[in-house]
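Asks: just coords:
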């Protein structure tokens with residue numbers, strides 16, 4: 001069994017990595033500090049992408065584009081976030097300014 005990092009600690013780490021990489025971020029919504037899930041919104045030149053946590057076929061952490069492969073507008077991301085928060089009230093929501101829509105942290109995107 002793989003050790004899991006607490007959500008609040010992971011969010012803090014991701015924000016620091018973003019700042020160090022020149023991709024500032026912010027917490028839009030605090031979830032459960034221990035076991036909450038993470039949703040990341042990437043804001044780029046062409047629009048926004050929402051990344052949701054998942055696991056790959058071998059059980060390793062990965063991310064999926066919850067709003068689809070193409071960038072979308074603010075209203076689409078807001079609606080997606082609202083649906084996810086309704087489903088999981090412990091969810092954290094982070095947002096990063098990323099011109100190329102790539103996360104500032106190591107991520108396998110499925």
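Replies: Okay, I see it. Nothing here was measured: the structure is a model prediction, and the numbers come from that model.
Asks: and the nearest residue to residue 49 once chain neighbours are set aside, how many neighbours?
Replies: Leaving aside its chain neighbours, residue 49 sits nearest to residue 42 (4.8 Å; criterion: CB to CB, 6 or more residues apart in numbering). To be clear about C-beta, it is placed using only N, CA and C from the backbone, and glycine gets the same treatment. Neighbour count for residue 42, taken as other CB atoms under 10 Å: 26.
Asks: list the contacts of residue 42.
Replies: Applying CB atoms under 8 Å, 6 or more residues apart in numbering, we find residue 42 in contact with 48, 49, 50, 51, 95, 96, 98, 101, 102, 103.
Asks: checking it next. Helix, strand or coil?
Replies: For residue 42, the secondary structure call by DSSP: H, G, I helix; E, B strand; the rest coil comes out as strand.
Asks: kindly report the same for residue 79.
Replies: Going by three-state DSSP, the state assigned to residue 79 is helix.
Asks: ok, the spatially most central residue of the chain to residue 15 distance?
Replies: The residue lying closest to the centre of the chain (CA atoms, centre = their mean) is residue 40, at 1.7 Å. Distance check for residue 40 against residue 15: by CB to CB, to the nearest Å, it reads 11 Å.
Asks: ok, residue 94 touching residue 39?
Replies: Yes - using CB atoms under 8 Å, residue 94 makes contact with residue 39 at a distance of 7.4 Å.
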